[in-house]
Each structure stands twice: as C-alpha cells, then as structure tokens.
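Q: What would the 3D arrangement of this be:
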Amino acid sequence: MNPSRDHAETVGLKCLAWLAGNEDLLPVFLGATGAGEADLRERAQDPEFLGSVLDFVMLDDAWVTDFCASAGLEPSAPMTARAALPGGETVHWT
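A: Numbers count the residues shown, from 1 in each chain. A predicted model of the protein is given here:
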C-alpha cells in the first residue's frame, strides 16, 4: 500500500524530529548533506528535503529500526513514505 503524500510528509517530519533529537546522528546527517541546523527548521515543510532525511536514515537498518520503534511505525514506513515523495519514484530502465 502506498501512503498518501500527506501521510508520507508526516512520516518524514517524524523522522526529521527523531533525527534532530539524536545528538550522535544529527551531526553525521548535517556533515553528509551540507545542511545546517537552520535548514532543519526552514525546510521542514519541503517534501524534497523530507525525502533526503528519509534517504539518509534508510542508509542503516539500525537507524530505521530505532526511528520506527520510537515513532510507533512499521519498519517499512520510511521506504513506503519515501516512494510517495519527490524523487522517490521507481526508476524504470527499459
């Protein structure tokens, strides 16, 4: 089941909040993306930015597990939410 765009953005916002509260992982995200702490506030409503947050968290299964456990979500929630946000479409090479 594909989530609605609104639901996907909600998952992305929850992920952003989780990431912002993780003092060990937040600096890794900021360093990897070049984003600053101001970007977290300014771009929180930007679906493309939320997609990048989900992309980052999905780099590590442990991060996905921790986020989903803290948010009360199924482990597949970040992936299905990402698919509904800009840039998350399935690429067809044929």
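
Q: Of all residues in this protein, which one is nearest the centre?
A: Centroid check for the chain by Cα atoms, centre = their mean gives residue 54 as the closest residue, at 2.1 Å.

Q: If I follow the layout properly, it ends up in contact with residue 81?
A: Yes - the pair residue 54 / residue 81 is scored as a contact, 6.1 Å apart, by Cβ atoms under 8 Å. Yep, even glycine has a C-beta here, placed from its N, CA and C like the rest.

Q: list residues touching both of the two?
A: Counting by Cβ atoms under 8 Å, 6 or more residues apart in numbering, the contacts common to residue 54 and residue 81 are 11, 12.

Q: Which stretches in the chain count as helices?
A: 5-20, 26-33, 37-42, 47-57, 61-71, 77-84 (DSSP state H).

Q: Pick out the shakiest of these, pLDDT-wise.
A: Here the lowest mean pLDDT among these goes to helix 37-42, at a mean of 92.

Q: list the buried ones in that one?
A: Neighbour-count burial for helix 37-42, counted by 16 or more other Cβ atoms under 10 Å, picks out residue 40.

Q: Find me whatever residue is spatially closest to residue 56, sequence neighbours aside.
A: Sequence neighbours aside, residue 29 is the residue nearest to residue 56 in space, at 5.4 Å (criterion: Cβ to Cβ, 6 or more residues apart in numbering).

Q: Return the residues in contact with the one you found.
A: Counting by Cβ under 8 Å, 6+ apart, residue 29 touches 19, 35, 53, 56.

Q: burial count for the third one?
A: In this case it means residue 53. Neighbourhood size, residue 53 [other Cβ atoms under 10 Å]: 29.
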